[in-house]
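> Next come a sequence and a model predicted from it.
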There are 2 protein chains.
Amino acid sequence: VLSGGTGSAKFLRGLCKAVPPEEVTVIVNVGDNTTMFGLYICPDVDTITYALSGILDEERGWGIRSDSFNFLSSLRTLGLSAWFNLGDKDLATHVYRTMKLKENVALSQITHDIAGRLGVRSRILPATDDFLETRVLTDQGEMHLQEFWVRWRGAPAVKGIVYLGADRAKPAAGVEDALASADTVILAPANPITSIGPILAVKRIRETLQKRGPRRVAVSPLIGRNAVSGPAGKIMSGLGLEVSPVTLAKLYCDIVDTLIIHTSDENLKSDIEKLGIRCVVANILMRDSNEEKRLANHAITA
Amino acid sequence: VLSGGTGSAKFLRGLCKAVPPEEVTVIVNVGDNTTMFGLYICPDVDTITYALSGILDEERGWGIRSDSFNFLSSLRTLGLSAWFNLGDKDLATHVYRTMKLKENVALSQITHDIAGRLGVRSRILPATDDFLETRVLTDQGEMHLQEFWVRWRGAPAVKGIVYLGADRAKPAAGVEDALASADTVILAPANPITSIGPILAVKRIRETLQKRGPRRVAVSPLIGRNAVSGPAGKIMSGLGLEVSPVTLAKLYCDIVDTLIIHTSDENLKSDIEKLGIRCVVANILMRDSNEEKRLANHAITA
């Protein structure tokens, strides 16, 4: 499963109920990674790790359940503007990872170790161990995606997206093998530009997916002209892309066999199939754990 | 005031009730400083800062009152042995300091900024901005003082003490001026080897103190053959020093005019005065804030 954060976490939770968790490998977006207060933070990797270990704060969609925020409020007292939320339990992950990176342990190894300690039975792989950062070009200047979405609440007008470092980034160890040996590769319902996009920007990942072999299924993160969550709509519009499942089909037509769209978008089916992609119509909303599992089942049987 | 941690904090709290806090400059031991989980920690500087800002956990003698420990318990889940206690609020100080040090801000400036943010009205100066670390040579090998006292609970036999880096350490900006311009220099009731010792190991600090000028008063951290708190007895014995206020007089005879000892040690007065130091007998126990203030008054009027 190629994965972003919040929406993908719900899908993966369902998938791990539909199939044995040990059979699932998740390749996670690292374009959101950032250094904050000297700590290296991987928002999507952590959200997926916490979700699959059962400690995710599901209401917020990020962080650890019943965490405290004493660190952050004390940091504010010291005058550091903390627009990014960091719980006290969550912080242990960032401090641990930062320390291990300084010891030259690869991010993929650290991710594996943290997931193991937290009891995750699936395999979680960052797309790359190399530097890769999604920069948003806006009318307020260039900024990190988290800055755009969390700090400025998506207010600046988007003019472009750059995957900094992507041209030199290699897939993390295990990524290409996992893609080649999978029965099914699923693009989770995630932002095509800022979640799936940075993963596919790693050239050898996109090339591996272009080869036919495993079934390749994408689940739409859009319903009509709206993203179910996150900045997909805002960013796609900014790039001059129509906010529509048809655009997903265009972006993914070389790497996906099947696209699952929401029932209310059934009228787009023929436009999608004209692009050479099979289109499956289903209820893609995940409002509870039953719907999460049902959507996962759609994806593995589509 | 030359200062260590817990005992000095009580004395300083009393002093800031006896005189206007703005008139107090504290020169704090840095020999206990250490890097833990990639974070730079200054146990004594923090204890003094928290004490003078009124947020110290007075029962424990370290850390911030009503702190939580969620970070530490999560770190334990990730497999990091955390023998050193770090509260969630406390952690903000370490993360802030580590970040600023990486930006090449001097420890003395960072200490000043933190104290200002926490409303401290006295001046807190680390003895030096340079590397200085107290190493304990034991029958279990050489170790950091915190490792000896906190991790191994003072169990290894002490064979020696080394102030690593002291030969190259310069006083932090402001330290020499503060010593030269003070009305009274007070050595707080603190471990002479591991709290006051590292400060005096900075050659230019000891030399400044050797010059007569301000009144120079030391308060004994010992009552009879016992330290009021901390590892002073254990470490002094290990170095072959008699655990006695007379030993303090020997260690301080070139830099102190007056030594204040406990009433029950009155019999040692003549031995101390033979060393050329005036000896004042008083109740040096600080069991409550009144006793803290009374001892401070003794020190400034002795």
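Ah, there it is. Numbers count the residues shown, from 1 in each chain, chains lettered A, B, ... in the order given.
> Just list the residues touching the closest residue to chain B within the stretch 101-250 of chain A, thanks.
Closest residue of the stretch 101-250 of chain A to chain B, CB to the nearest CB: A:Arg117 (5.0 Å). C-beta here means a position set from N, CA and C on the backbone, and glycine is covered the same way. By CB atoms under 8 Å, 6 or more residues apart in numbering or on different chains, A:Arg117 lies in contact with B:Thr77, B:Leu78, B:Gly79.
> for chain B, what are the nearby residues on chain A?
A:37-39, A:64, A:67-68, A:70-75, A:77-80, A:87-93, A:95-96, A:98-99, A:102, A:113-114, A:117-118 (CB under 8 Å from any CB of the partner chain).
> Excluding residues flanking it in the chain, which one is nearest A:Glu176?
A:Thr208 (5.2 Å; CB to CB, 6 or more residues apart in numbering or on different chains).
> ok, that neighbour - contacts?
A:Pro171, A:Glu176, A:Leu179, A:Ala180.
> try it again with 7 Å
A:Glu176, A:Leu179, A:Ala180 (CB atoms under 7 Å, 6 or more residues apart in numbering or on different chains).
> hmm, back to that, list only buried entries from the residues of chain A next to chain B.
Neighbour counting by 16 or more other CB atoms under 10 Å in any protein chain shown classes A:37-39, A:64, A:67-68, A:70-72, A:74-75, A:77-78, A:80, A:87-93, A:95-96, A:98-99, A:113-114, A:117-118 among these as buried.
> pLDDT on the helix or strand where A:Asp113 lies, on average?
Taking DSSP states H and E as the definition, A:Asp113 sits inside helix A:107-117. Across helix A:107-117, pLDDT averages out at 98.
> Repeat that for stretch A:247-255.
The model assigns stretch A:247-255 a mean pLDDT of 97.
> thought A:Arg151 was touching A:Ser81?
No - counting by CB atoms under 7 Å, A:Arg151 stays clear of A:Ser81, with 8.9 Å between them.
> quick one: pLDDT of A:Pro231?
With respect to pLDDT, A:Pro231 has a value of 86.
> any idea how far B:Asn267 is from A:Ser8?
Look at A:Ser8 and B:Asn267: by CB to CB, to the nearest Å, they are 76 Å apart.
> Which one of those two is surrounded by more residues?
A:Ser8 (30 against 9; other CB atoms under 10 Å in any protein chain shown).
> before we move on, the earlier item: helices - which of the buried ones among the residues of chain A next to chain B land there?
The helices, defined by DSSP state H, take in A:70-72, A:74-75, A:77, A:88-93, A:95-96, A:98-99, A:113-114, A:117 from those.
> Now A:Asn290: phi and psi?
For A:Asn290, the backbone dihedrals are phi -70, psi -40 (criterion: degrees, to the nearest 10).
> how deep is it tucked in, by neighbour count?
Under the neighbour criterion other CB under 10 Å, A:Asn290 is assigned a count of 11.
> That one and A:Gln146: what is the separation?
For A:Asn290 relative to A:Gln146 (CB to CB), the value is 32 Å.
> Just the terminal-to-terminal distance for stretch A:177-190.
23 Å (CA to CA, to the nearest Å).
> for chain A, what spans make up the helices?
Using DSSP H, helices in chain A cover A:6-18, A:43-53, A:70-77, A:88-102, A:107-117, A:145-146, A:175-181, A:196-200, A:203-210, A:232-238, A:245-252, A:269-274, A:289-301.
> and the second one, C-alpha only, in PDB?
It refers to helix A:43-53. What follows is helix A:43-53, C-alpha atoms only, in PDB (Å, rounded to 0.1, in the frame of the first residue of the first chain):
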ATOM      1  CA  PRO A  43       4.100  13.000  10.200                       C
ATOM      2  CA  ASP A  44       2.800  10.300   7.900                       C
ATOM      3  CA  VAL A  45       5.200   7.500   9.000                       C
ATOM      4  CA  ASP A  46       4.100   8.200  12.600                       C
ATOM      5  CA  THR A  47       0.400   8.400  11.900                       C
ATOM      6  CA  ILE A  48       0.600   5.000  10.100                       C
ATOM      7  CA  THR A  49       2.700   3.500  12.800                       C
ATOM      8  CA  TYR A  50       0.400   4.700  15.600                       C
ATOM      9  CA  ALA A  51      -2.700   3.600  13.700                       C
ATOM     10  CA  LEU A  52      -1.400   0.100  13.100                       C
ATOM     11  CA  SER A  53      -0.200  -0.300  16.700                       C
END
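> Wait, A:Ala249 touches A:Glu273, no?
No - using CB under 7 Å, A:Ala249 is not in contact with A:Glu273, being 8.5 Å away.
> who has more neighbours, the two?
Shown here are A:Ala249 and A:Glu273; by other CB under 10 Å, A:Ala249 has more neighbours (23 against 13).
> Now do the same contact list for that one.
A:Leu259, A:Ile272, A:Leu275, A:Ile277.
> From the residues you listed, pick the one nearest B:Glu133.
A:Leu259 (60.7 Å; CB to CB).
> With A:Asp90 as the reference, measure out to the closest one.
For A:Leu259 relative to A:Asp90 (CB to CB), the value is 34 Å.
> List the residues that contact the residue in the stretch 201-302 of chain A positioned nearest to chain B.
Residue nearest to chain B within the stretch 201-302 of chain A: A:Ser289 (24.5 Å; CB to the nearest CB). Listed by CB under 7 Å, 6+ apart, the contact partners of A:Ser289 are A:Arg13, A:Gly14.
> Within its sheet, name the partner strands of the lowest-mean-pLDDT helix or strand in chain A and how each one runs.
Sorting the helices and strands of chain A by mean pLDDT, DSSP states H and E puts strand A:226-227 at the bottom, at a mean of 83. Paired neighbours of strand A:226-227 in the sheet (DSSP bridges): strand A:222-223 (antiparallel).
> State the distance from the residue nearest to A:Glu176 to A:Ala282.
Taken as CB to CB, the span from A:Thr208 to A:Ala282 is 27 Å.
> can you check A:Gly79 too?
A:Gly79 is 50 Å from A:Ala282, by CB to CB.
> cool, A:Ala218 as well?
13 Å.
> Count the neighbours of A:Thr263 for me.
That count, for A:Thr263 with other CB under 10 Å as the rule, works out to 11.
> you'd agree it is up against A:Leu285?
No - between A:Thr263 and A:Leu285 there is no contact under CB under 7 Å: 9.4 Å.
> what about the stretch 201-302 of chain A, any weak spots by pLDDT?
Applying pLDDT under 70 to the stretch 201-302 of chain A flags no residue at all.
> The residue lying closest to A:Asp167 once chain neighbours are set aside - how many residues pack around it?
Using CB to CB, 6+ apart and skipping residues adjacent in sequence, the residue nearest A:Asp167 is A:Lys203, 7.5 Å away. Using other CB under 10 Å, A:Lys203 has 14 other residues around it.
> how much space between A:Lys203 and A:Gly4?
Here the criterion is CB to CB. By it, A:Lys203 lies 20 Å from A:Gly4.
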